[in-house]
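Chemist: my questions concern the predicted model and sequence given below.
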Amino acid sequence: MRVISYNLRKHRAASELSALVADHDPDVLCLQEADTTDLPEQVGELGLANATRGNRLGLAVYYRESAYRCEATTTLELKKSLHDRVLRPAHERVLGVRLHDIDDGHDVIVASFHAAPLTALNSLRRHQIRAALAGLSDLGDHPILMVGDYNYPVFKEDLSRRMREHGYELVMSDSRTYTRYRYFRGYYDFATSVGMDISSVRTLPQGSSDHLPILVTVGALPGVRPASPEDTSVTSP
């Protein structure tokens with residue numbers, strides 16, 4: 001599975017999506033800071049699984065309809081930072097989608113994630129990451145991949161270690177993904193997984209956003225088998 005994650009910088013980079021999908025041929029496209037009232041139902045061969053509705057700039061997930069079937073979606077609210085409470089409340093910081101692979105019968109959960117801004121403490125963002133991954137498991141006992149803007153430019157190695165202690169793999173991109181402010185440039189966009197093997201996280205060329213998109217390539221870990229045909233549980237959006 002090939003997954004692109006892109007923070008659109010207040011929807012400014014939305015016009016680039018068709019070319020991005022055409023150039024890199026992802027199976028899933030995860031967006032942050034998208035104007036959810038102005039998103040197309042289709043981007044190339046990818047259909048819109050769902051988008052958040054709690055605030056205008058939110059999250060969206062597209063998927064390849066010829067290869068996957070969308071079984072369920074969920075949105076999650078996470079612990080709020082002071083910035084969220086006082087300035088621009090962000091009601092939903094996770095959008096998860098459960099996809100059924102039509103060919104081999106596997107179910108996977110893919111999520112778009114946007115952590116609290118840099119004004120918050122790293123401890124709050126770590127709490128949000130763990131809560132997000134725990135909440136996504138409500139979609140079923142399936143492999144999980146969560147990609148997005150983690151807003152975690154410093155002490156990244158410590159974050160990776162902490163995630164491993166909780167049973168998750170966290171992989172950074174191969175080059176920095178945020179360039180807007182000189183003193184805040186760095187690695188912001190990550191991928192976290194459980195039950196999946198992240199083989200690469202590649203930073204793609206910059207467009208009009210202050211974030212560069214990332215392309216995540218993943219596969220199933222050895223021993224992960226397709227879901228049982230009797231497993232028909234679905235979590236409502």
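Modeler: Alright, I've got the coordinates.
Chemist: return the helix or strand in the protein with minimum mean pLDDT.
Modeler: When the helices and strands of the chain are compared on mean pLDDT, DSSP states H and E, helix 82-86 comes out lowest with a mean of 56.
Chemist: by contact count, what packs against whichever helix or strand comes after it?
Modeler: Where DSSP states H and E defines the elements, the next helix or strand beyond helix 82-86 is strand 94-101. Counting contacts by 3 or more CB pairs under 8 Å, 6 or more residues apart in numbering; DSSP states H and E, the secondary-structure elements packed against strand 94-101 are strand 28-35, strand 46-51, strand 57-64, strand 68-76, strand 107-114, helix 122-136. C-beta coordinates here come from the backbone N, C-alpha and C atoms, glycine included.
Chemist: got the contact list for the longest one?
Modeler: Translated: helix 122-136. 74, 76, 78-79, 81, 93-94, 96, 109, 111, 113, 115-116, 144, 146, 150-152, 154-155, 159, 162-163, 166, 168, 192, 194 (CB atoms under 8 Å, 6 or more residues apart in numbering).
Chemist: return a PyMOL selection command for the buried portion of these.
Modeler: Typed into PyMOL, the line below selects the buried ones among the contacts of helix 122-136, using 16 or more other CB atoms under 10 Å:
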select buried, resi 74+76+78+81+93+94+96+109+111+113+115+116+144+146+150+151+152+159+163+168+192+194
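Chemist: that older thread, most neighbours per residue, which of the helices and strands packed on strand 94-101?
Modeler: strand 107-114 (a mean of 27; mean count of other CB atoms under 10 Å).
Chemist: pull up the pairing partners for that strand, direction included.
Modeler: Looking at strand 107-114 with DSSP bridges, its paired strands and their directions are strand 94-101 (antiparallel), strand 144-149 (parallel).
Chemist: got the CA coordinates for it in PDB?
Modeler: Coordinates of the C-alpha atoms in strand 107-114 are reproduced here as PDB (Å, rounded to 0.1, in the frame of the first residue of the first chain):
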ATOM      1  CA  ASP A 107      -8.700  -5.200   6.400                       C
ATOM      2  CA  VAL A 108      -6.500  -2.300   7.300                       C
ATOM      3  CA  ILE A 109      -7.100   0.900   9.200                       C
ATOM      4  CA  VAL A 110      -5.600   4.100   7.800                       C
ATOM      5  CA  ALA A 111      -5.900   7.400   9.500                       C
ATOM      6  CA  SER A 112      -5.100  11.100   8.900                       C
ATOM      7  CA  PHE A 113      -3.700  12.800  12.100                       C
ATOM      8  CA  HIS A 114      -3.000  16.400  13.000                       C
END
